[in-house]
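S.K.: I would like the atomic coordinates for the input below:
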Amino acid sequence: MFISLSKTIEHKEKLKQALCKYVPEAALDLCIELIMTHRIHLHIEVERKGRYGDYTPHSGKGSRISINHNLSSFEFLITFIHELAHHTAFVKYGNKHEPHGQEWKNEYKICMRPFFELDIFPYDLKAVLAKHMQNPKYTQAADVKLLQVLRKYDTRKADILTLSQIEDGALFKMKTHPMLLKRIKLLRTYVLCENPDTKSRYKVHAMVEVVHC
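M.R.: Got it, this is the predicted structure:
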């Protein structure tokens, strides 16, 4: 079997043009190498609520990874590695493993390792990401500390206030809901909140966008 060098170079150049505005420059060549090596079809999608990306296996014709277009470069890169780990886990274990079980976690660590060896992540982000990788969660949205540091490097969100940033006892409204709530205390990923009128209590994600009242 012969592979055309010119077609390989052309494919690499097209990938570089498509990816350069989504991933950190220092990670670009490695991402392209992984996409080509694993024959991944990468799709950049409109925002989908509740997920950053997804993976669809396809035997023989290349598997599909899709990632939301509106992520910061670090979020996009972490999501790509997360989904790539689904692919490598599928190649090794087929359907005989849990989607975010130990096999996937091990693959995620393996896929992340070469990116840690490059000078890609700022020190504080690398530190919190290293802790996250000790026991990776099903989504980075479940790790509030990781999200807080990622937000620092997303200039589009510099002026956005999140529930994690206000004090216990403060009144607020979520941007997506008109109900007035009071922050009670941080649980971990969520914050315990209370409706001051009905005294009903709710768990609200710590990184939800809020408005002070």
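
S.K.: now the longest helix anywhere in the chain: buried residues?
M.R.: Secondary structure assigned by DSSP state H gives helix 73-93 as the longest helix of the chain. The neighbour-count check on helix 73-93 (16 or more other CB atoms under 10 Å) flags 73-90 as buried. (Glycine included, C-beta is placed from N, CA and C.)

S.K.: what element comes up after that helix heading to the C-terminus?
M.R.: Following helix 73-93 in sequence order, the next helix or strand is helix 102-117 (DSSP states H and E).

S.K.: contacts for that following helix?
M.R.: Contacts to helix 102-117, defined as CB atoms under 8 Å, 6 or more residues apart in numbering, come from residues 27, 30, 34, 77, 81-82, 84-86, 88-89, 92-93, 97-98, 121, 126, 129-130, 133, 135-136.

S.K.: just stretch 149-168 next, same as before
M.R.: Residues outside stretch 149-168 that contact it (CB under 8 Å, 6+ apart): 72-75, 78, 122, 124-125, 128, 140, 144, 148, 172, 174, 183-186, 191, 193, 204-212.

S.K.: what's in contact with stretch 43-60?
M.R.: The contact list for stretch 43-60 (CB under 8 Å, 6+ apart) reads 18, 22, 63-71, 75, 79-80, 82-83, 86-87, 90, 139-141.

S.K.: would you quantify the distance from the nearest residue to His100 once chain neighbours are set aside to Lys105?
M.R.: Among residues not flanking His100 along the chain, Tyr138 sits closest, at 4.2 Å (CB to CB, 6 or more residues apart in numbering). Distance, Tyr138 to Lys105, using CB to CB, to the nearest Å: 10 Å.

S.K.: same deal with Ile32?
M.R.: Noted for Ile32: a distance of 25 Å to Lys105, by CB to CB.

S.K.: so where is the chain shaky, pLDDT-wise?
M.R.: The chain contains residues with pLDDT under 70 at 1-7, 59-61, 157-158.
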